[in-house]
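**Q** give the three-dimensional model of this entry:
(one chain, ligands or ions: 2)
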Amino acid sequence: MRNLDQHTITQEVIDRLVDTPDPRLKEVFSSLIRHLHDFARDVSLTEDEWARGIAFLTATGHKCDAKRQEFILLSDVLGLSMLTVAMNNAKPPQCTEATVFGPFFVDDAPHYDNGSDVANGAAGEPCEVSGTIRDPEGRAVAGAKIDVWQADAQGLYDVQRDELDRPQARGVLHADSEGRYHFHSVLAEAYPIPTDGPVGEFLAATGRHPWRPAHLHFRIEAPGYETLVTHVFREDDRWLDSDAVFGVRQSLIAPWVRRDDGSYSLRYDFVLNPETAPVSQAR
Ligand code: BEZ
Ligand code: FE
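**A** Residues are numbered from 1 along each chain as shown. Ligands and ions are numbered 1, 2, ... in the order given. Just a heads-up that it's a prediction; the model follows:
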């Protein structure tokens with residue numbers, strides 16, 4: 001146990017977890033320690049570099065408050081959020097794919113009837129959105145709860161506007177008895193993720209842009225189905241192949257149709273994955 005060197009220290013640290021009561025916690029930390037040590041050896045991490053790393057993580061924490069989660073943003077730009085989504089949302093091919101949740105969801109968004117305008121004054125070209133919520137056999141998922149949220153014409157979410165005193169361009173709807181949903185809003189535009197913090201410094205230092213292709217966010221919940229957290233992306237967007245947070249899936253790209261009066265419409269049908277019955281414990 002004495003005179004540990006750069007090769008023997010890793011197993012010694014992992015062995016120190018021997019009394020961890022929670023087996024999953026033990027597994028996760030053992031792997032984390034192994035990979036962190038391998039990383040440090042791999043890049044021959046200097047003491048100065050690790051001090052800079054700690055300063056970066058400290059600044060990331062200091063940037064967080066009730067409205068801003070810089071660690072989620074860091075996970076997003078490192079692709080870790082999307083990796084976790086991909087690993088945990090495997091489903092039959094006919095089901096709608098999931099993508100990143102993002103930091104701009106609000107729990108108590110206003111409720112609307114189908115056909116309402118959820119923009120609530122948000123700036124942008126008028127846009128009508130409709131479609132269905134079905135199961136893989138094509139049966140309507142009546143009453144499914146649909147949360148929708150989006151950026152406005154300036155690429156900002158309502159929660160990013162300190163001057164706003166009400167929710168805009170977000171709401172909760174319910175699918176009707178035939179699984180249909182329908183609302184009016186504004187045209188979603190591409191926007192840069194927030195760059196006024198450590199994540200912005202990281203993007204600049206690595207020559208990366210902060211843009212996300214234009215999209216609508218959806219969270220769809222119904223009893224007996226896996227909750228779906230996803231986006232629908234505009235097919236004409238220039239950032240589809242370089243989304244700053246790696247969230248684009250081909251199946252989630254759709255055409256927004258421009259009408260003669262300058263307004264837009266989108267039709268998108270969602271397919272939910274039925275929850276699998278819990279496997280009964282073998283005796
Ligand atoms: C979003 O789409 O709202 C989002 C996702 C990840 C990082 C920043 C924003
Ligand atoms: Fe977004």
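
**Q** list the residues that contact the residue in the stretch 101-250 of the chain positioned nearest to ligand 1.
**A** Residue nearest to ligand 1 within the stretch 101-250 of the chain (C-beta to the nearest ligand atom): Gly102, separated by 2.9 Å. The C-beta positions use only the backbone N, C-alpha and C, and glycine is treated the same way. By C-beta atoms under 8 Å, 6 or more residues apart in numbering, Gly102 lies in contact with 76, 217, 245.

**Q** show me which of these neighbour ligand 1.
**A** 76, 245 (C-beta under 6 Å from any ligand atom).

**Q** how about Val232: which residues does it bridge to?
**A** Following DSSP bridges, Val232 is listed with bridge partners Leu216.

**Q** which non-adjacent residue is nearest Arg166?
**A** In this structure, Arg166 finds its nearest non-sequential neighbour in Asn120, 6.4 Å apart by C-beta to C-beta, 6 or more residues apart in numbering.

**Q** I'd assumed that neighbour was in a strand, is it?
**A** No: assessed with DSSP: H, G, I helix; E, B strand; the rest coil, Asn120 is coil; it does not lie in a strand.

**Q** go ahead and confirm it touches Ala109.
**A** No: Asn120 is beyond contact range of Ala109, at 10.2 Å (criterion: C-beta atoms under 8 Å).

**Q** could you list the buried residues of stretch 188-205?
**A** 188-191, 193, 197-200, 202-203 (16 or more other C-beta atoms under 10 Å).

**Q** ok, those residues vs Arg238, which is closest?
**A** When those are ranked by distance to Arg238 (C-beta to C-beta), Ala190 comes first, at 7.3 Å.

**Q** what residues are bridge-paired with Lys145?
**A** Here Lys145 sits in beta bridges with His174, Glu221, going by DSSP bridges.
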